[in-house]
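**Q** Predicted model and sequence follow; I will ask about them next.
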Amino acid sequence: GLVKHFPVSRGLIRRKVIGMVRAVEGVSFEIARGETLALVGESGCGKSTTGRLVLRLMDPTAGSVRFKGEEIATLDKNALRRLRRHMQIIFQDPYASLNPRMTVGEILAEPMAVHDLHTEAERATRVRELLDVVGLLPEHARRYPHQFSGGQRQRIGIARALAVNPDLIVCDEPVSALDVSIQAQIVNLLQNLQQRFGLSYLFIAHDLAVVKHISDRVAVMYLGQLVEIAGKRDLYDRPLHPYTQALLSAIPRPDPSVRKERVLLAGDVPSPFAPPPGCRFHTRCIHAQPRCRQEQPELRDAGNGHRVACHFYETLPKPPAASTEGSL
Ligand code: SF4
Ligand code: MG
């Protein structure tokens, strides 16, 4: 039931709050140990905010976050610090999140120092281990972030997240800024690390192609709300929400003999400052009906843990099935 509203203010001297951006509006999900939940949606839909709320990097306006059964939405600073090392984040732009004045060795040792883990000698050993685990070399510890390629920098970001042995990593568009040829390497690395260390991922992405292989379940977000959540197979083979269908139709197909009828998205994303009434997707939905403008659809169970928020999902025409093979 996570909610996050940001006040919007106007005026230079006496700033006056003129409204609220409803960035996250009642989002609920679970992530099991060792599982990857993908959180997918266009930019501005609230997915990064959701990731930060999960880690308590910002405080929710309302709602609850439980980590291993413990409520963290209301924990005080000290208690939160103790939990922090179990929850880490990887950012889209590793360069912006790596201190340019620190060597890679210092960058990787820092989280261990912050959490008071290991002696200095042990930390040095651990830095070498971490570099090896992410496919970098021991001598890389002496270099600076600018001496690496984008893909290598993301490996450094991943190593830094692993330094404190976390259980959960929020991956906030970790490959979006990388060349397509590098994306698959990083996704494969994340997958290997998950198996090796039993990690759980909340994997944030703006399209469904990137998360096709790494996710166990997929949650699709639109204007601050979940519109569909399902196991990967179900979501790609039987997408029920018109928005998910539209996102899937945008994935290029590896097999050109399968003719694709594109399900187009009409118009632009409306502002989260004034989200449309009723179904928030109705301004862009090709199946919208009068009821959609008035009544907000609840997330309903469509069987097999597949949940969807659409009044008419049972009676919508079937979209062409999207292949789960190929790409990445
Ligand atoms: Fe489209 Fe209506 Fe379903 Fe919303 S509730 S997705 S507008 S058909
Ligand atoms: Mg984002």
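**A** Structure's in. What do you need? Ligands and ions are numbered 1, 2, ... in the order given.

**Q** those strands in the stretch 51-200 of the chain, which residues are they?
**A** Listed in chain order, the strands of the stretch 51-200 of the chain (DSSP state E, counting those that start in this stretch) span residues 66-67, 70-71, 87-90, 168-172, 200-205.

**Q** Between these, which has the poorest mean confidence score?
**A** Ranked by mean pLDDT, the strands of the stretch 51-200 of the chain end with strand 70-71 at the bottom, a mean of 92.

**Q** Check which strands are paired with it and give the direction for each one.
**A** Counting by DSSP bridges, the strands paired with strand 70-71 are strand 66-67 (antiparallel).

**Q** what does the stretch 151-300 of the chain have sitting close to ligand 1?
**A** Counting by Cβ under 6 Å from any ligand atom, the residues of the stretch 151-300 of the chain close to ligand 1 are 241-242, 279, 281-282, 285, 287-288, 292, 297. Bear in mind the C-beta positions are built from the backbone N, C-alpha and C, glycine included.

**Q** Could you check how far the residue nearest the centre of the chain is from Gly41?
**A** Centroid-nearest residue in the chain, with Cα atoms, centre = their mean: Ile204, separated by 1.7 Å. Separation of Ile204 from Gly41 (Cβ to Cβ, to the nearest Å): 9 Å.

**Q** Of all the strands of the stretch 51-200 of the chain, which one is nearest Arg153?
**A** Nearest of those to Arg153, taken as Cβ to Cβ: strand 87-90 at 11.1 Å.

**Q** CA-only coordinates of the closest one in CSV, if you can.
**A** C-alpha atoms of strand 87-90 as CSV (Å, rounded to 0.1, in the frame of the first residue of the first chain):
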residue,chain,number,x,y,z
MET,A,87,19.6,-3.8,1.1
GLN,A,88,21.7,-2.1,-1.6
ILE,A,89,21.0,-0.3,-4.9
ILE,A,90,22.6,-0.2,-8.3
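
**Q** quick one: it to chain centroid distance?
**A** Counting by Cα atoms, centre = their mean, to the nearest Å, strand 87-90 is centred 11 Å from the centre of its parent chain.

**Q** Pairing partners for that strand, with directions?
**A** strand 168-172 (parallel).

**Q** Just want the angle from the strand it pairs with to strand 200-205.
**A** Calculated by axes from the mean of the first three to the mean of the last three Cα atoms, to 10 degrees, strand 168-172 forms an angle of 10 degrees with strand 200-205.

**Q** Could you tell me which residues make contact with the residue in the stretch 1-150 of the chain that ligand 1 sits nearest to?
**A** Closest contact between the stretch 1-150 of the chain and ligand 1, by Cβ to the nearest ligand atom, is at Gly41 (14.1 Å). By Cβ atoms under 8 Å, 6 or more residues apart in numbering, the contact list for Gly41 reads 47, 206, 220-222.

**Q** In strands, which of those fall?
**A** Counting by DSSP state E, the contacts of Gly41 place 220-222 in strands.

**Q** sorry, back to before: output the strands of the stretch 51-200 of the chain as CSV; include the columns distance to Gly26.
**A** Shown next, in CSV, are the strands of the stretch 51-200 of the chain (distance: least, Cβ to Cβ, whole Å):
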stretch, distance to Gly26
strand 66-67, 16
strand 70-71, 18
strand 87-90, 22
strand 168-172, 20
strand 200-205, 17
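
**Q** Help me confirm that Asp172 comes into contact with His206.
**A** No. The criterion here is Cβ atoms under 8 Å, and Asp172 misses it with His206 at 10.7 Å.

**Q** tell me which helix or strand of this protein sits lowest on mean pLDDT?
**A** helix 94-97 (a mean of 82; mean pLDDT, DSSP states H and E).

**Q** Mind listing what's buried along that one?
**A** Buried residues in helix 94-97, counted by 16 or more other Cβ atoms under 10 Å: 94-95, 97.

**Q** In which helix or strand does the nearest residue to Gln245 once chain neighbours are set aside reside?
**A** Spatial nearest neighbour of Gln245, excluding adjacent residues (Cβ to Cβ, 6 or more residues apart in numbering): Pro319 at 4.3 Å. Under the criterion of DSSP states H and E, Pro319 resides outside all helices and strands.

**Q** From what I see, Pro319 and Leu248 are in contact.
**A** Yes. Here Pro319 reaches Leu248: they are 7.3 Å apart, a contact under Cβ under 8 Å.
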